[in-house]
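K.L.:
Mind looking at a prediction? Sequence and model below.
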Amino acid sequence: MPNDTNPTIISKPSFVTDLEITFGPPSQQAFGSSVFYNPQNMPNLEEEAMLRYRYFLGDTWEKLGEANWLSTWGVVYERNLNSPPDIIQELKTIPDRGVRMSAGLLLENQEDAAAAQTALRGAFDQSAIRELKIYRIGDGAAMSGLLIVANIHEKGCLSLILLLD
């Protein structure tokens, strides 16, 4: 007999858990890195990115004010789906210097950089990705970083945030 008091738990795909092992599960820590997974594809990737950004910042969003957190907000990269996916190379060649520096921390400033890059490839180099964007984030002063968001066909929407001072 089913237990109606326990909701069905949807397991995350392994590429999500691999990414969380390196970059952390969903949080409102407003500093460091965090992974967010939505099992549904999102029709508006920017809205999804903004929801995750605001959630990650938690109370800090209100403390410093929306204007500060949106002062640097913007797309710095959008994947051309006719090109072979290569998230590592894409991160290394972003024209925005600040985001490229944040990407360097994401790629190399990890306890196990090889595992971090493998997790990034497993998550963001899938042929099922239908849309991928990278945003510049920060408060316009000390805090800066990036947010990667992707719609993965029939698997959902995945976001990775890195914000440091």
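P.N.:
Received, thanks. Numbers count the residues shown, from 1 in each chain.
K.L.:
hey, let's count contacts and neighbours off CA atoms from now on
P.N.:
Noted.
K.L.:
Quick check: end-to-end length of stretch 81-94?
P.N.:
16 Å (C-alpha to C-alpha, to the nearest Å).
K.L.:
right, I mislabeled it, should have said stretch 150-161
P.N.:
12 Å.
K.L.:
list the buried ones in it?
P.N.:
150, 151, 152, 155, 156, 157, 158, 159, 160, 161 (16 or more other C-alpha atoms under 10 Å).
K.L.:
cool, stretch 48-65 as well?
P.N.:
48, 49, 50, 52, 53, 54, 55, 56, 57, 60, 61.
K.L.:
Likewise for stretch 115-131?
P.N.:
115-126, 129, 131.
K.L.:
Can I get that stretch as PDB, trimmed to CA atoms?
P.N.:
Output in PDB follows, covering the C-alpha atoms of stretch 115-131 (Å, rounded to 0.1, in the frame of the first residue of the first chain):
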ATOM      1  CA  ALA A 115      37.100  16.300 -11.300                       C
ATOM      2  CA  ALA A 116      35.600  19.800 -11.500                       C
ATOM      3  CA  GLN A 117      36.200  20.000 -15.200                       C
ATOM      4  CA  THR A 118      34.800  16.500 -15.700                       C
ATOM      5  CA  ALA A 119      31.700  17.500 -13.800                       C
ATOM      6  CA  LEU A 120      31.300  20.700 -15.900                       C
ATOM      7  CA  ARG A 121      31.700  18.700 -19.100                       C
ATOM      8  CA  GLY A 122      29.200  16.100 -18.000                       C
ATOM      9  CA  ALA A 123      26.600  18.700 -17.200                       C
ATOM     10  CA  PHE A 124      27.100  21.300 -19.900                       C
ATOM     11  CA  ASP A 125      28.600  19.400 -22.900                       C
ATOM     12  CA  GLN A 126      25.500  17.200 -23.400                       C
ATOM     13  CA  SER A 127      24.100  16.900 -26.900                       C
ATOM     14  CA  ALA A 128      20.700  17.300 -25.300                       C
ATOM     15  CA  ILE A 129      21.400  21.000 -24.400                       C
ATOM     16  CA  ARG A 130      18.900  23.200 -26.300                       C
ATOM     17  CA  GLU A 131      20.100  26.500 -24.900                       C
END
